[in-house]
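1. Take this sequence and fold it.
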Amino acid sequence: MNDTFLAIINPKAGGGRGRKPVAAAIARLRAGGVEVDTVETAAPGQATGLAREAYARGYRRFIAVGGDGTSYEIVNGLFPEASSGETPTLGFLPQGTGNSFLRDFSHTGVEHATDALLAGRSQPSDVLRLTHRKGALYFINLLSLGFAANVATLRHRQFSAWGQAGYLASLFLSLARLERRPFPVRVEGQKEFDQRRCLFLTFNNSKFTGGTMMIAPKADTSNGLVEYVRWGPIGRLGLIANLRTLYDGTHLQHRLAEHQATTRVEFDLDAPVDIMVDGEVQTVHCESIDVLPSALRVVV
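-> Numbers count the residues shown, from 1 in each chain. Got it, this is the predicted structure:
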């Protein structure tokens, strides 16, 4: 097998401002004795195909050069093939706006990530799998339904060119609409599906989303469990008053909030729904979420 890292680079991550820092970081890695090949993506989703082809050619070490979406695409190129083969390794050179997974380990971003690659420092990480009507997808950060997915979907479909202003516009529009609905879900061990209305559900492998929002403060990337967080049908004023608590994890103290660690979750949905998964937006008919324990090594 190939011991060289393949750095899959999203040149548009972080607004396309990362070319010089990326070149400098890769030069530093090579000077430190880390063998690195590079390839750039030319379109959204292409990192998945590049990772899949490289894995078939014998690469087992990868670096996601971009944001959460880049690492998400790479993970979906590695699995399910890697489930029955040699465990792949994923490092990071964060250039995106979120970089949420890496934040579980450091707030210093590219500096910490580069040092970890130079030191050869890695540890096991679980990979979560969503099975849906048309297949499966894999993620290492989180998957959400409800409010957070609504904001992300609105931004993606209508305000993608607006930058941070697009996020704020999507947030305020979603607040104005504030859809609170049931997403029938059954956690392993429960007999019945939970039919209660909610603001959002999230299924987490790591703690953060959106870079700094600590949605799942109890999550652990290597405990073999999904951290399930549910926030019930809070009203507009209550949500506005408690938005800040999403950034320090204290929202779990709210009377409408619940969390539970589990190995499997099942859905009983009657139609596809919008989801936000590792910063990406999709519409799928969810069936179940389970865990691939320690299926990936992450350089952190």
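
2. Residue 101: what's it in contact with?
-> Neighbouring residues of residue 101 by C-beta atoms under 8 Å, 6 or more residues apart in numbering: 68, 71, 92, 140, 141, 206, 208, 221, 278, 298. To be clear about C-beta, it is placed using only N, CA and C from the backbone, and glycine gets the same treatment.

3. Could you export those as a markdown table, including neighbour count?
-> Shown next, in a markdown table, are the contacts of residue 101 (neighbours: other C-beta atoms under 10 Å):
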| residue | neighbour count |
| --- | --- |
| 68 | 31 |
| 71 | 33 |
| 92 | 29 |
| 140 | 23 |
| 141 | 31 |
| 206 | 27 |
| 208 | 25 |
| 221 | 23 |
| 278 | 27 |
| 298 | 24 |
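
4. From residue 292, how far out is residue 172?
-> Look at residue 172 and residue 292: by C-beta to C-beta, to the nearest Å, they are 38 Å apart.

5. Which residue of the two possesses the greater neighbour count?
-> residue 292 (17 against 11; other C-beta atoms under 10 Å).

6. what about that one, distance to residue 102?
-> To residue 102, residue 292 is 20 Å away according to C-beta to C-beta.

7. Where does pLDDT dip in the stretch 101-250 of the chain?
-> In the prediction, the stretch 101-250 of the chain carries no residues with pLDDT under 70.

8. In the longest strand seen in the chain, which residues are buried?
-> In the chain, assigned by DSSP state E, the strand with the most residues is strand 286-298. The neighbour-count check on strand 286-298 (16 or more other C-beta atoms under 10 Å) flags 286, 288, 289, 290, 291, 292, 294, 295, 296, 297, 298 as buried.

9. want to try JSON lines for these, with distance to residue 149 and pLDDT as columns?
-> Formatted as JSON lines, the buried residues of strand 286-298 follow (distance: C-beta to C-beta, whole Å; pLDDT from 0 to 100):
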{"residue": "286", "distance to residue 149": "11", "pLDDT": "98"}
{"residue": "288", "distance to residue 149": "18", "pLDDT": "98"}
{"residue": "289", "distance to residue 149": "14", "pLDDT": "98"}
{"residue": "290", "distance to residue 149": "20", "pLDDT": "98"}
{"residue": "291", "distance to residue 149": "21", "pLDDT": "98"}
{"residue": "292", "distance to residue 149": "23", "pLDDT": "98"}
{"residue": "294", "distance to residue 149": "28", "pLDDT": "97"}
{"residue": "295", "distance to residue 149": "25", "pLDDT": "98"}
{"residue": "296", "distance to residue 149": "24", "pLDDT": "98"}
{"residue": "297", "distance to residue 149": "29", "pLDDT": "98"}
{"residue": "298", "distance to residue 149": "25", "pLDDT": "97"}
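
10. so which pair among these is furthest apart in space?
-> Using C-beta to C-beta, these span at most 27.8 Å, a distance reached by 286 and 297.

11. ok, and the closest non-adjacent residue to the most centrally placed residue in the chain?
-> Nearest residue to the geometric centre of the chain (C-alpha atoms, centre = their mean): residue 278, 2.3 Å. Spatially, and ignoring its direct neighbours in sequence, residue 278 is nearest to residue 72 (3.7 Å; C-beta to C-beta, 6 or more residues apart in numbering).

12. Likewise for residue 47?
-> residue 73 (3.6 Å).

13. Could you list the buried residues of the helix or strand the one you found falls within?
-> Taking DSSP states H and E as the definition, one finds residue 73 inside helix 68-78. Neighbour counts over helix 68-78 (16+ other C-beta under 10 Å) mark 68, 69, 70, 71, 72, 73, 74, 75, 76, 77, 78 as buried.

14. Excluding its own residues, what touches it? List them.
-> Outside helix 68-78, the residues that touch it by C-beta under 8 Å, 6+ apart are 8, 10, 13, 41, 44-55, 62, 64, 88, 90, 92, 96, 98-101, 127, 137-141, 277-280, 296.

15. again, but for stretch 237-252
-> Against stretch 237-252 from outside (C-beta under 8 Å, 6+ apart): 147, 175, 178, 199, 207, 212-218, 229, 231, 234, 253-254, 257, 259.

16. ditto for stretch 256-269
-> Contacts for stretch 256-269 (C-beta under 8 Å, 6+ apart): 183-189, 193, 199, 203, 216, 218, 223-234, 251-252, 285-291.

17. how long is it from one end to the other?
-> In stretch 256-269, first residue to last residue: 22 Å (C-alpha to C-alpha, to the nearest Å).
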